[in-house]
Structure formats: C-alpha cells, structure tokens
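Novice: A structural model of the following input is requested.
(one chain, ligands or ions: 1)
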Amino acid sequence: MKVDYEALRKQAIEMLEARGVTLTDIANITYEIQKTYYDDLTLEVCLEHVNNVLMKREVINAVVTGITLDILAEKGHVEEPLRSILMNDYSLYGIDEVLAYSIVNVYGSIGLTNFGYIDKLKVGIIGEIDRVGKRDDKCNTFLDDIVGAIAASSASRIAHTR
Ligand code: MG
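Specialist: Numbers count the residues shown, from 1 in each chain. From the prediction side, this is the model:
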C-alpha cells in the first residue's frame, strides 16, 4: 500500500490538537528555549520551523504512533501489565523517550541536548501535559516526549539555519 503522508500529516496535527496541544503551544516551547540566543526571534518564526519539522515522515510516524498508544491505554485496549505501566507513566519504561528520539535524531546532537533540557525543566505546555496525564483516566506517557521532541527539533533547525 502507498501511504498518503500529506493526509497523515494533517491527521497527526489533528491528533495533537485533540490531545490539547496546538502547533503554537509547541512553537512557544521553542521560543522559550531559543529567545536568549537570538534577539530578533519571533513566535511566528518558531511556528514556521515547527511546521517544517512536521513535514518529515519520521516525525509524522512518531506522533501518530505515540498518541495512538496513549489512547489505546486509556481505552483499556492494552494488556496488563503494559497498561498500568503506560497509565502510571512508569519511570523505568523508557520507550516513550526512545520513540521521541526518532524525531530528534533527524536533527543531530543539538536536537538531543535540547530535548533533554525541555524534558527536565518541563518547559511551556509540557508541565500541563504531565499534570493531565497523572489523572486516573488519562494517559499522556508518549505525548509529553513527542511534543518536547518536536520543540527541540525546531530549536535545532533554527540553530542550523542561522
Ligand atoms: Mg513520557
């Protein structure tokens, strides 16, 4: 079969929005971590880079896969003990980060450094995603890493183009 990646890209953006994350939210994270380095940086420019990151097939695949797993866990369509691991965002699970690496990998080592920084400081909407994910009926185990990875990749893109 042939996958229509333009359609899948639209679906990925819709899935992010349905989970409470807009591309502007992601651009905001990028802006927060890059504004001290570039005086003339604007949110609009960051948003352009976020859109470009979302053109990549690896990124679209990671978004759709990660959010699908979060939703399946919420719906109870995942066998135990994996369901509890995902619902409780078990810290030694680690596959959520590995999936996010497939996004930052495209942008080299700066991407990885930015990703670690965003994850540690819970920049912007990441803190909110984590808070919602802690609710008993919610699972954002993959979402926080996906969003952080797209923001980190956008930051790396800015660094590479300047
Ligand atoms: Mg996570």
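Novice: pull out the buried positions in stretch 134-147.
Specialist: By neighbour count on 16 or more other CB atoms under 10 Å, the buried set for stretch 134-147 is 138-147. Glycine gets a C-beta too; all of them are placed from N, C-alpha and C.
Novice: in the helix-or-strand element of the chain with minimal mean pLDDT, what's buried?
Specialist: Sorting the helices and strands of the chain by mean pLDDT, DSSP states H and E puts helix 108-121 at the bottom, at a mean of 92. For helix 108-121, burial by neighbour count (16+ other CB under 10 Å) applies to 110-112, 114-115, 118-119.
Novice: cool, and stretch 36-52?
Specialist: Residues of stretch 36-52 classed as buried: 41, 45-47, 49-50 (neighbour count, 16+ other CB under 10 Å).
Novice: mind putting these into TSV with distance to residue 153?
Specialist: Compiled in TSV, the buried residues of stretch 36-52 are given as follows (distance: CB to CB, whole Å):
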residue	distance to residue 153
41	16
45	15
46	12
47	14
49	8
50	9
